[in-house]
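>>> Everything below, folded, please.
(one chain, ligands or ions: 1)
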Amino acid sequence: MTDIPRILKALKRRFPNPGAMELGDPYRTVVGVALSARTRDEQVLKLLPGLFAAFPTMKALSVATVAEISGKIDTIGMFRQKARNLSGLAKLCVERYGGLVPSTMEELVELPGVGRKTASVVLACCFGTPSIAVDTHVHRVTNRLGWVKTKTPEKTETALLAIVPTKVMRLVNQVFVKLGRYVCLPGKPRCWTCPVQADCAFKKKNLVAPKDADAIVADAARREESLETSRLAVAYGKHRS
Ligand code: SF4
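As a prediction, this is how the structure comes out:
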């Protein structure tokens, strides 16, 4: 039987940083995760200091026009749609929850632009509620490992909620997003540098390290360090409200 806590803890030792959008409070986190849909975390972390400087609170965001919000996020794809969503999200939070981010799945997924994945990140990171945010990385990696056999992220979430012990649920998104980004790539996985290779059921493992293996590993470490530096600047930077 798979020892899920042991595997998650082994991965946490390899990838100790929090998720890139764990931004310290519910307002920042819900905005960051909503903006990161189909956009690289690096791009989102780059624009967030300017966005939060202009709109340091949910209330400030709620009275901004869509054009004003668009002007702060126009470096990412679908920025007009995302600006409309942020505006609607902020207005709803002010009207219904006094400017706070709600703390249940049912309430969160009613906010414009917030799906189960975003809601699960907010619940796990900001409210300590057991939940598992499943994106394409988590879906792919947990299927390759053999933990689940599912066709969609939604089904993966349901399956994982049934098998992952509550006390380690929070680690699932943190470590599998990083494993998927740097090691268990969508095309050819880098099994030769995978810390959980011995626990993986994937039949087409890629175990031969390429000639530039050291450079690949160093590049991944640099990318992760840079992401963490950017995350800390947004979460604890001078614009914090
Ligand atoms: S051994 Fe390979 S396929 Fe399995 S989790 Fe690691 S990188 Fe992915």
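>>> Now do K117 against the ligand, distance only.
20 Å (C-beta to the nearest ligand atom, to the nearest Å). Just so you know, the C-beta spots here come from the backbone N, C-alpha and C atoms, and that holds for glycine as well.
>>> The ligand contacts on the chain?
With the criterion set to C-beta under 6 Å from any ligand atom, the chain comes near the ligand through 141, 144-145, 183-184, 189-191, 194, 196-197, 200, 202, 205.
>>> Just among those, which is most surrounded?
V141 (26 neighbours; other C-beta atoms under 10 Å).
>>> residues near D214, how many?
Neighbours of D214 using other C-beta under 10 Å come to 10.
>>> Please report how far it lies from the ligand.
In this view, D214 and the ligand are 18 Å apart by C-beta to the nearest ligand atom.
>>> Quick one, grab the pLDDT at that residue.
Looking at D214, its pLDDT is 97.
>>> cool, and the one 5 residues further on?
D219 is assigned a predicted lDDT (pLDDT) of 97.
>>> same question, H239
At H239, the predicted lDDT confidence score is 48.
>>> cool, T2 as well?
As predicted, T2 sits at a pLDDT of 85.
>>> That one is in contact with C200, isn't it?
No - taking contacts as C-beta atoms under 8 Å, T2 lies outside contact range of C200: 10.2 Å.
>>> Can you check which residues contact both of those two?
Counting by C-beta atoms under 8 Å, 6 or more residues apart in numbering, the residues touching both T2 and C200 are 145-146.
>>> mind putting the residues of the chain next to the ligand in JSON lines, distance to L86 and pLDDT included?
Listed next are those as JSON lines, based on distance: C-beta to C-beta, whole Å; pLDDT from 0 to 100:
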{"residue": "V141", "distance to L86": "30", "pLDDT": "98"}
{"residue": "R144", "distance to L86": "34", "pLDDT": "98"}
{"residue": "L145", "distance to L86": "35", "pLDDT": "98"}
{"residue": "V183", "distance to L86": "33", "pLDDT": "98"}
{"residue": "C184", "distance to L86": "32", "pLDDT": "98"}
{"residue": "P189", "distance to L86": "35", "pLDDT": "98"}
{"residue": "R190", "distance to L86": "36", "pLDDT": "98"}
{"residue": "C191", "distance to L86": "39", "pLDDT": "98"}
{"residue": "C194", "distance to L86": "37", "pLDDT": "98"}
{"residue": "V196", "distance to L86": "37", "pLDDT": "97"}
{"residue": "Q197", "distance to L86": "41", "pLDDT": "96"}
{"residue": "C200", "distance to L86": "39", "pLDDT": "97"}
{"residue": "F202", "distance to L86": "38", "pLDDT": "97"}
{"residue": "K205", "distance to L86": "42", "pLDDT": "97"}
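>>> Good, we can wrap up now.
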